[in-house]
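*Asks:* Sequence first, then the predicted structure, then my questions.
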Amino acid sequence: GTADVFTWIFQGDTIGVDAVVEGSIDEPGIYELTLITAESFCGLTADTTITVELINSMASALQPEYILCYNETSVDLSAESTVEDAAYFWLPGGQEASVITTDTTGVFEVIITSGTCTDSLQTEVKAGNAIPTEYSFEACDGFPVDITIDFPAVNDPLWADGFDEIDRVVTAAGMYDYSFTDHLGCRQDGYVLFEALPEDPLITVPNIFTPNGDGRNDVLLPEGGELQYYRLTVMNRWGNELFSTESIYGSWNGLVNGTDEEVSEGSYFYILYYQGECQKEIQSKAGYVAVNRQTGLR
């Protein structure tokens, strides 16, 4: 016969005795619904139980942005769902997996389905480009010099010799290679080139000058590179000091000790003590210079 007795049981509670019942579920979870039917004439009964899962979100996580670094060939995109049997479909490409690999940049969409439920999320793959961070400078070889990784956002710095801080002190000229992770998570490479300044300032002292006021070769002026110490002394043949200065590249105008008295024409002995910017000890140079006030001489 035909069933004419109906009992609907939801989560252990009877919710209806009609052939059709209606209801709603507000909270996510797994629910059981049982229908017991009976045929009153013959006394036959039957029951059927169905399980209903109510979910509130298809996808729990998808990064809004991925970076494809310049030194990498691909990047993995990963979507996750709170539903174990969810299906994934990516656009563009049509890949059907929760994790896909791409070698291109752009916007990607993943469509997640489970039964009649559908959700979608988007992410963007951006390019992480190489960043030029190299620089060079000149300094004295053998003296302490501060060098640094010249970039505003540096993570996990590593120099080629294993030193792992951004700033360091070196004493030897050469190339110092390094790597670091930038603000996008890409590993960048660079170097600092330490070029040595000449140790010898190559001082030259003229052997003649003409202090006659014609504006040409009027002073005794040594020439050369950068100095940290300088002392020029001029004496006559009897060893009497006529001039002395410690001003860097100070010159002699042919007057006696800063007076208005001109020295006679002739040869005078000079001694120059100097220390180049990159020299560790004071050097000396001595010789004779001729004073000649005739015009037309250089």
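*Replies:* Ah, there it is.

*Asks:* from what I can see Glu241 touches Met235, true?
*Replies:* Yes. Between Glu241 and Met235 there is a contact at 5.5 Å, judged by CB atoms under 8 Å. In this view, the C-beta of every residue, glycine as well, is placed from N, C-alpha and C.

*Asks:* Mind checking which of the two has more residues around it?
*Replies:* The residue with more neighbours, out of Glu241 and Met235, is Met235; 15 against 11, by other CB atoms under 10 Å.

*Asks:* so what's the more buried one closest to, chain neighbours aside?
*Replies:* Phe269 (4.9 Å; CB to CB, 6 or more residues apart in numbering).

*Asks:* so the one you found is in which element?
*Replies:* Element membership for Phe269 (DSSP states H and E) is strand 266-276.

*Asks:* in that strand, what's buried?
*Replies:* Buried residues in strand 266-276, defined by neighbour count with 16 or more other CB atoms under 10 Å: 268-270, 272, 274-276.

*Asks:* quick one: Thr116 and Glu53, what's the gap?
*Replies:* 12 Å (CB to CB, to the nearest Å).

*Asks:* hang on, the earlier thing: which of the buried residues of strand 266-276 sits closest to Ser24?
*Replies:* Sorting the buried residues of strand 266-276 by how near they are to Ser24, with CB to CB, puts Gly276 at the top with 91.4 Å.

*Asks:* who's that closest one bridged to?
*Replies:* Applying DSSP bridges to Gly276 yields these beta-bridge partners: Leu227.

*Asks:* quick one: contacts for it?
*Replies:* In this structure, Gly276 makes contact with 198-201, 224-228, 283, judged by CB atoms under 8 Å, 6 or more residues apart in numbering.

*Asks:* related to what we said a few turns ago, who has more neighbours, Thr116 and Glu53?
*Replies:* Shown here are Thr116 and Glu53; by other CB under 10 Å, Glu53 has more neighbours (13 against 5).

*Asks:* can I assume that one is in contact with Ile30?
*Replies:* Yes. The pair Glu53 / Ile30 is scored as a contact, 5.0 Å apart, by CB under 8 Å.

*Asks:* Find the residues that touch each one of these two.
*Replies:* Counting by CB under 8 Å, 6+ apart, nothing touches both Glu53 and Ile30.

*Asks:* Can you tell me how far the residue nearest to Met235 is from Val234?
*Replies:* Counting by CB to CB, the gap from Phe269 to Val234 is 7 Å.

*Asks:* Also Glu195?
*Replies:* For Glu195, the distance to Val234 (CB to CB) stands at 37 Å.

*Asks:* which residues touch the lowest-mean-pLDDT helix or strand in the chain?
*Replies:* Per-element confidence for the chain was summarised using mean pLDDT, DSSP states H and E. The lowest value among helices and strands belongs to strand 44-54, with a mean of 78. Outside strand 44-54, the residues within contact range by CB under 8 Å, 6+ apart are 1, 3, 25, 27-39, 83.

*Asks:* try 10 Å
*Replies:* Contact partners of strand 44-54, identified using CB atoms under 10 Å, 6 or more residues apart in numbering, comprise 1, 3, 5, 7, 9-10, 25-39, 83, 85, 114-115, 117.
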